[in-house]
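In: Pasting a predicted model and its sequence here:
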Amino acid sequence: MTLTTVALSCAKQLGRVNAAGTDITDLEAEIKEQIQETIRFYNRKPYHLTEFRGFTLDTAASTVWYSSVDLTSGDGDQSNTSRTAVDTNQILNITYSRENPGSSGLNEPLDRIPYAKFERLREGSTPQGTPTYYTYYAGQIGIWPTPDGVYELYFSGHVKPVVPTNDSDTSVWFDEANEMIEAGALKRVCLKYLRDKERAADFGIIEDGAARAMAREHLLKSSTGKLKVHD
């Protein structure tokens, strides 16, 4: 599914298409905008769809703070195509980290520490060497000690999927949670542009039900790592 096909589906539900149901006749830009806003809203929450294993950061000598990571060698439900320099403020959280590989030739641990402790380590001295600790603060990743060269650091965690902007763009949200995204967008269109609170409430009920189902699926997968059998 693409931004165009999802927008057309939304327009059909609002009665804003031609007789053949093939073209949007009204509110096309507004519908696409609210699809994007709905995705941005759900991008702020960690779900199984935002999990990403193996995004990397290459350090540079004498550089403490980093603002981008590379997703192209990792994997997750979301697309990582051409995502070589993803802004670190798109990271929701980090659940695992290591130096890949370390000076021993094996993967070396890279532990996270609180920002205040990170700054205390740097007070009065600026040692350089192999990365041992990192912190994540103000949308950046800080490394201690200050790297003395190039090291590849490996992370896993939750990363915001790309918000579709072009008509042909796809999204993991379209593939795995389209009912929730469509209902959320339709609710917003009804409230902002049609001033139809009754229809907005109806779409809100659909969105909330789909969001609860998504949350339950995330809970089942994140609690044990396996899907459970239910009646």
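Out: Right, received. Where do you want to start?
In: For the chain, which residue occupies the most central location?
Out: With the centre of the chain defined as its mean C-alpha position, the nearest residue by Cα atoms, centre = their mean is Lys160, 1.1 Å away.
In: Report the helix or strand with the lowest average pLDDT across the protein.
Out: Lowest on mean pLDDT, DSSP states H and E among the helices and strands of the chain sits strand 108-109, with a mean of 88.
In: And the helix or strand following that one, how far out from the chain middle?
Out: In the C-terminal direction, the helix or strand that comes right after strand 108-109 (DSSP states H and E) is strand 111-112. From the chain centre to the centre of strand 111-112 is a distance of 22 Å (Cα atoms, centre = their mean, to the nearest Å).
In: so what's the residue nearest to the centre of the chain up against?
Out: In this structure, Lys160 makes contact with Asn43, Arg44, Thr50, Gln90, Ile91, Leu92, judged by Cβ atoms under 8 Å, 6 or more residues apart in numbering. (Each C-beta comes from the backbone N, C-alpha and C, glycine too.)
In: How much space separates it from Arg188?
Out: Lys160 sits at a distance of 19 Å from Arg188 (criterion: Cβ to Cβ, to the nearest Å).
In: so where do the strands sit in the protein?
Out: Using DSSP state E, the strands assigned to the chain run over residues 51-58, 65-66, 68-69, 75-76, 86-87, 91-99, 108-109, 111-112, 128-129, 133-137, 140-144, 146-147, 152-159.
In: Can you lay out the ones you listed as CSV showing distance to Lys197 and mean neighbour count?
Out: Written out in CSV, the entries for those read as follows (distance: least, Cβ to Cβ, whole Å; neighbours: other Cβ atoms under 10 Å):
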stretch, distance to Lys197, mean neighbour count
strand 51-58, 36, 19
strand 65-66, 46, 16
strand 68-69, 42, 20
strand 75-76, 38, 17
strand 86-87, 37, 16
strand 91-99, 32, 17
strand 108-109, 54, 14
strand 111-112, 45, 12
strand 128-129, 61, 12
strand 133-137, 41, 18
strand 140-144, 42, 20
strand 146-147, 55, 20
strand 152-159, 34, 21
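In: I'd like to know how far Val86 sits from Ala210.
Out: The gap separating Val86 from Ala210 is 27 Å, by Cβ to Cβ.
In: For stretch 156-165, the averaged confidence score.
Out: When pLDDT is averaged along stretch 156-165, the result is 97.
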